[in-house]
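> from the sequence below, what's the structure:
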Amino acid sequence: MFSYLTARLKAKLTAHYKAPLIAVLVTSLISSCGFQLRGDYLLDDDLQTLYVSSSDTHGELTRLLKLHLVRNQVKVLKHAKQDIPELRIMSDKLDRRTLSVFPNGQVAEYELIYAVHYQLKFSEQAPQNYRFELYRDYQDDPNLALAKSRELSLLLSEMRQSAADKILRDMARVHR
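Got it, this is the predicted structure:
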């Protein structure tokens with residue numbers, strides 16, 4: 001009887017510790033391979049206070065970028081100062097290219113191209129220029145104009161969000 005109870009107790013203890021042990025094992029494997037969640041960027045100490053400027057000061061990309069910076073504990077200044085780095089969004093432009101056409105000649109599918117050009121300038125140094133493009137496919141249907149208009153708007157918002165993330169990832173690689 002005693003051996004039955006110890007075997008049963010041992011089985012319960014093993015089952016009780018199995019889940020936490022597996023969680024610790026999986027966590028250590030993921031962290032050892034270099035995996036990390038996106039959204040938290042380790043910016044250089046020189047970039048902890050920043051002035052953000054843009055030709056479109058109230059544009060969505062500028063707003064999203066400032067929001068991302070504040071979420072990452074970066075102090076965003078309202079006015080430029082001599083010794084503070086400046087992030088300047090030179091341009092953000094959306095183009096589209098035809099990918100396919102309906103038999104009647106109307107465009108069926110576009111490739112949206114969102115191009116961003118920005119500069120990072122440290123005091124008394126030449127500005128560092130950066131450019132990148134994001135691509136998305138968009139299927140158009142003239143019979144569903146209202147729904148497709150909303151879909152396009154959501155797609156553009158997603159592209160601007162991705163652009164703001166990319167700018168922060170690029171800034172995380174900058175070291176003075």
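> show me what stretch 96-107 is in contact with.
Judged by C-beta atoms under 8 Å, 6 or more residues apart in numbering, the contacts made with stretch 96-107 from elsewhere in the structure are Ala108, Glu109, Tyr110, Glu111, Leu112, Ile113, Asp137, Tyr138, Asp140, Pro142. Quick note: C-beta positions are derived from backbone N, CA and C, even for glycine.
> ugh, wrong one, stretch 139-155
Looking at stretch 139-155 with C-beta under 8 Å, 6+ apart, the contacting residues turn out to be Gln106, Val107, Ala108, Glu109, Tyr110, Leu112, Arg136, Tyr138.
> select, from those, the two members most distant in space.
Distances among these were taken as C-beta to C-beta; the most separated pair is Gln106 and Arg136, at 19.9 Å.
> neighbour count for the two, which is higher?
Set side by side, Gln106 and Arg136 show more neighbours around Arg136, with 16 against 10, by other C-beta atoms under 10 Å.
> the more buried one belongs to a helix?
No. The secondary structure assignment for Arg136 gives strand rather than a helix, going by DSSP: H, G, I helix; E, B strand; the rest coil.
> ok, now how distant is it from Arg150?
In this structure, Arg136 and Arg150 are separated by 15 Å, where distance is defined by C-beta to C-beta, to the nearest Å.
> and the strands in the chain?
49-54, 75-77, 86-101, 107-121, 128-139 (DSSP state E).
> columns mean pLDDT and distance to Ala23 on top of those, output as CSV?
Conversion of the strands of the chain to CSV gives the following (pLDDT from 0 to 100; distance: least, C-beta to C-beta, whole Å):
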stretch, mean pLDDT, distance to Ala23
strand 49-54, 92, 38
strand 75-77, 91, 37
strand 86-101, 92, 40
strand 107-121, 92, 40
strand 128-139, 93, 36
